[in-house]
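S.K.: here is a sequence with its predicted model. Questions after.
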Amino acid sequence: MFAAVAVVAFVAFWAACDTLFPHHPEGESLYREHCADCHGVDGAGNTVKGMGSPFADLLDNNWKYGGDDGSMGNIIREGVFGSMPAYKEKLTDQQIRAIIGHIRVLRGEKTREVSP
């Protein structure tokens with residue numbers, strides 16, 4: 001009897017986990033962890049840290065160093081002196097590509113990525 005109750009409780013908890021603790025795709029999770037403080041969760045740059053920077057808004061087409069994937073990857077990797085930290089020591093190339101993919105989702109250029 002106890003085992004059956006424990007199994008039912010575990011299944012109920014597991015089912016609620018996605019609601020209580022939603023799993024975000026890798027790019028979104030990494031973006032939220034490393035980018036959202038300045039660029040905002042939505043990418044619009046309306047944050048305390050992003051205010052005053054014309055390049056904090058990732059949704060517009062005002063790109064200082066280019067809005068192509070290679071340029072964005074380079075900025076994430078190397079940073080911008082005095083404006084944005086470098087992440088080459090913290091993120092792999094695959095993680096950087098995942099963040100760029102999420103930025104493309106925020107911009108409406110592709111559909112939301114699917115988690116493995």
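M.R.: Structure received.
S.K.: burial count for His102?
M.R.: 25 (other Cβ atoms under 10 Å). Any C-beta I mention is one placed from the backbone N, CA and C, and that applies to glycine too.
S.K.: ok, and the closest non-adjacent residue to Thr47?
M.R.: Nearest residue to Thr47 in three dimensions, chain neighbours excluded: Gly40, at 5.0 Å (Cβ to Cβ, 6 or more residues apart in numbering).
S.K.: thought that neighbour was touching Gly50?
M.R.: Yes. Counting by Cβ atoms under 8 Å, Gly40 touches Gly50, with 6.5 Å between them.
S.K.: okay, and the common contacts of those two?
M.R.: With contacts taken as Cβ atoms under 8 Å, 6 or more residues apart in numbering, the residues that reach both Gly40 and Gly50 are Ala56.
S.K.: which residues sit in contact with Ser53?
M.R.: 38, 45, 83.
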